[in-house]
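Enquirer: Dropping a prediction and its sequence here:
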Amino acid sequence: MGHRMTPEEYKQLSIKEFTGAARVYETDHAGIYEMCKGDYPPMLAELERDPFEDVLDVGCGTGPVISLLSEKYPEKHYVGLDLTPAMIETARAKGLPCAEFVVGDAENLPFGDETFDAVLCSNSFHHYPNPGAFLREANRVLRPGGKLILRDYTSSDFVVWLMNTFEMPLANLFGHGDVRILKVSEFRELAEAVGFSIETLEAQKGFRAHLVARK
């Protein structure tokens, strides 16, 4: 399939892709990003099952999830992190008083240990060259008993193989920073390897994995 990209090349491709997407991400012209909106209600419903004060949204984009949360729970504290400066600029421009937005790498989170009650990750996991590093970092920044709520692409093992073999390289050629889709079993293996306890792991309709993991 030609040149295998390095982790840094994948990240630069993602920055380039989402710099362009930042302008339309929350509009009615979001194109392929429109489908991300369906991930927000189940994530928020899961978050609301436990008391929380501090929430980190990794791969936050322009901050749509934090916008929803800050409207409903303005007394809580939210941090959004994204690799793409243009996304963070757009999020900051909303002026949400209970939120801060940080440019940073999901695989090397710039936060102290045991800082958050919940870590959210919606539809950016397949952009991470080393997803295990992100999961290890998510576990580190969570307080004991805190949880990771993650939604991303998955499907049957065969469809995942097809997507990784044919669709991902094509997406890269067309300027998308997608790295790899995981099988359901891989979500479990990677999360448990860094010390998470799996509460929920489902392959849901719409090619969605729904993972809830407790520290």
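Expert: Received it, and whenever you're ready, just let me know what you need. Residues are numbered from 1 along each chain as shown.

Enquirer: quick one: low-confidence ranges for this protein?
Expert: For the chain, applying pLDDT under 70 flags the ranges 1-4, 10-11, 13-37, 171-172, 174-177, 179.

Enquirer: now the most centrally placed residue in it: how far from Arg151?
Expert: Among the residues of the chain, Cys121 comes closest to the average C-alpha position under C-alpha atoms, centre = their mean, at 3.0 Å. The gap separating Cys121 from Arg151 is 7 Å, by C-beta to C-beta, to the nearest Å. The C-beta positions use only the backbone N, C-alpha and C, and glycine is treated the same way.

Enquirer: Just checking the distance from the lengthiest strand in the chain to the centre of its chain.
Expert: The single longest strand within the chain, with elements called by DSSP state E, is strand 142-153. For strand 142-153, the gap between its own C-alpha mean and the chain's C-alpha mean amounts to 10 Å (C-alpha atoms, centre = their mean, to the nearest Å).

Enquirer: Give me the buried stretch members for the helix or strand just after that strand, please.
Expert: Following the chain from strand 142-153 toward its C-terminal end, the next helix or strand by DSSP states H and E is helix 157-162. Under the neighbour-count criterion of 16 or more other C-beta atoms under 10 Å, helix 157-162 has Val160 buried.

Enquirer: ranges for the helices of the protein?
Expert: Secondary structure of the chain (DSSP state H): helices at 7-21, 40-47, 64-72, 85-92, 131-141, 157-162, 168-173, 184-193.

Enquirer: tell me the most buried of those?
Expert: helix 131-141 (a mean of 21; mean count of other C-beta atoms under 10 Å).

Enquirer: for it, packing partners?
Expert: strand 54-58, strand 116-122, strand 142-153, helix 184-193 (3 or more C-beta pairs under 8 Å, 6 or more residues apart in numbering; DSSP states H and E).

Enquirer: would you list the ones you listed in CSV and tack on distance to Pro169?
Expert: Shown next, in CSV, are these (distance: least, C-beta to C-beta, whole Å):
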stretch, distance to Pro169
strand 54-58, 25
strand 116-122, 24
strand 142-153, 16
helix 184-193, 19
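
Enquirer: Looking at the ones you listed, which is nearest to Ala106?
Expert: With distances scored as C-beta to C-beta, the stretch of the helices and strands packed on helix 131-141 nearest to Ala106 is strand 54-58 (4.9 Å).

Enquirer: what's in contact with the closest one?
Expert: With C-beta atoms under 8 Å, 6 or more residues apart in numbering as the contact definition, strand 54-58 has outside contacts at 47, 63, 65-66, 69, 76-81, 106, 109, 111, 115-122, 124, 134, 138, 141.
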